[in-house]
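Peer 1: Sequence first, then the predicted structure, then my questions.
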Amino acid sequence: MHYFIGDLGHVFVITSFVTSLVAAFAYWHAHGQINLDKKNEWLQNARVSFYIHSLAVVGVVASLFIIIYQHYFEYHYAYAHSSLHLPGQYMVSCFWEGQEGSFLLWMFWQAFLGLILIRTQREWEAPVMVIFALVQAFIASMILGVVIPILELKLGSSPFILLRDAMDDPIFKLQPDFIPKDGNGLNPLLQNYWMVIHPPTLFLGFAFTLVPFAFCLAGLWQRKYSEWIKPALPWTLLGGAILGLGILMGGYWAYETLNFGGYWNWDPVENAVYVPWLIMIASIHTMITYKNSETALKSSMILVVAVFLLILYS
């Protein structure tokens with residue numbers, strides 16, 4: 001039994017959750033400081049916390065990938081999504097086939113974008129990163145898998161849960177350390193090279209929707225009702241392009257592999273991505289309109305917030 005790697009991964013998840021909350025708290029304090037020395041001190045604490053958070057996210061990714069790649073079938077995630085006979089190029093696809101892996105991929109990209117924002121947006125850093133860190137804490141809670149007995153509440157679903165804890169099978173009562181010889185493997189429809197590049201592109205587009213959302217809320221918070229448009233617009237343009245590319249990849253994948261008879265089938269999964277992208281493109285138009293003629297500010301705010309909320313819903 002390979003308990004260490006799963007326990008290590010779970011520690012990384014808890015660390016990422018706690019440090020994101022610490023970073024949000026420190027950035028909030030930094031934003032409210034008038035004294036420059038104290039502000040810089042809080043900013044430094046916030047940055048260190050977010051750096052540790054980002055390293056912890058990388059640690060979770062590495063731990064889960066090791067479990068999948070090494071075929072540790074005592075873990076439910078490896079058993080459910082990988083197998084010994086799966087071609088090597090699709091092992092990475094197993095990572096994001098499940099819900100926990102998808103959340104983790106999303107959180108990884110947002111941590112990456114957060115690090116870029118820290119380096120490039122010093123004027124907006126504190127208020128924007130408060131929103132960023134809180135969203136990171138929310139997504140981290142989705143993979144915590146922590147049970148609070150007093151409240152009878154379970155926070156998220158851990159990708160490091162053991163098979164015997166996830167499945168109610170009589171064999172685990174007879175042999176608690178039973179390990180299957182092989183896993184269920186990747187869905188045959190997903191064994192395609194588009195599965196390797198389509199989801200990461202799509203989730204990078206998802207992550208980009210957080211940036212204008214954070215700028216918008218930061219602008220409202222600081223009563224800079226229009227100033228947020230200028231720094232947010234380039235991120236929105238890039239996010240719209242990447243999300244659109246991910247949708248195009250998905251359409252071609254559907255045409256090539258899923259035999260829809262076309263590039264689009266209007267099923268709920270496709271619509272859940274396409275509708276937020278349409279709203280995102282609309283927000284780009286209203287933001288450009290405001291930049292050129294100082295109209296459509298309220299529309300820009302509504303659309304930018306709606307995009308991120310629709311992504312969460314999808």
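Peer 2: Structure received.
Peer 1: all helices of the stretch 51-200 of the chain, in order?
Peer 2: For the stretch 51-200 of the chain, the helices defined by DSSP state H, counting those that start in this stretch cover 76-81, 91-95, 99-120, 125-141, 163-166, 171-174, 193-222.
Peer 1: ok, now the stretch 201-314 of the chain?
Peer 2: Under DSSP H, counting those that start in this stretch, the stretch 201-314 of the chain gives helices at 229-253, 268-293, 297-313.
Peer 1: now these in JSON lines, with mean neighbour count, mean pLDDT and distance to Gly156?
Peer 2: From N, CA and C alone the C-beta is placed, and that goes for glycine too. Conversion of the helices of the stretch 201-314 of the chain to JSON lines gives the following (neighbours: other C-beta atoms under 10 Å; pLDDT from 0 to 100; distance: least, C-beta to C-beta, whole Å):
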{"stretch": "helix 229-253", "mean neighbour count": "19", "mean pLDDT": "91", "distance to Gly156": "25"}
{"stretch": "helix 268-293", "mean neighbour count": "17", "mean pLDDT": "90", "distance to Gly156": "20"}
{"stretch": "helix 297-313", "mean neighbour count": "19", "mean pLDDT": "93", "distance to Gly156": "15"}
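Peer 1: Of the ones you listed, give the one that comes closest to Ser83.
Peer 2: Within those, the stretch nearest Ser83 is helix 229-253; the backing value is 21.5 Å (C-beta to C-beta).
Peer 1: Would you mind pulling up the elements that the closest one packs against?
Peer 2: In terms of contacts (3 or more C-beta pairs under 8 Å, 6 or more residues apart in numbering; DSSP states H and E), helix 229-253 is packed against helix 193-222, helix 268-293, helix 297-313.
Peer 1: got JSON lines for those helices, with distance to Cys94 too?
Peer 2: Converted to JSON lines, these look like this (distance: least, C-beta to C-beta, whole Å):
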{"stretch": "helix 193-222", "distance to Cys94": "9"}
{"stretch": "helix 268-293", "distance to Cys94": "19"}
{"stretch": "helix 297-313", "distance to Cys94": "24"}
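Peer 1: Out of the ones you listed, the one nearest Leu174 is which?
Peer 2: Checked against C-beta to C-beta, the stretch from the helices and strands packed on helix 229-253 lying closest is helix 193-222, at 36.9 Å.
Peer 1: What residues sit buried inside that closest one?
Peer 2: Neighbour counts over helix 193-222 (16 or more other C-beta atoms under 10 Å) mark 194-195, 198-219 as buried.
Peer 1: before we move on, the earlier item: rank the helices of the stretch 51-200 of the chain by pLDDT, which is bottom?
Peer 2: Mean pLDDT is lowest for helix 171-174 among these, at a mean of 70.
Peer 1: contacts for that helix?
Peer 2: Leu163, Arg164, Phe178 (C-beta atoms under 8 Å, 6 or more residues apart in numbering).
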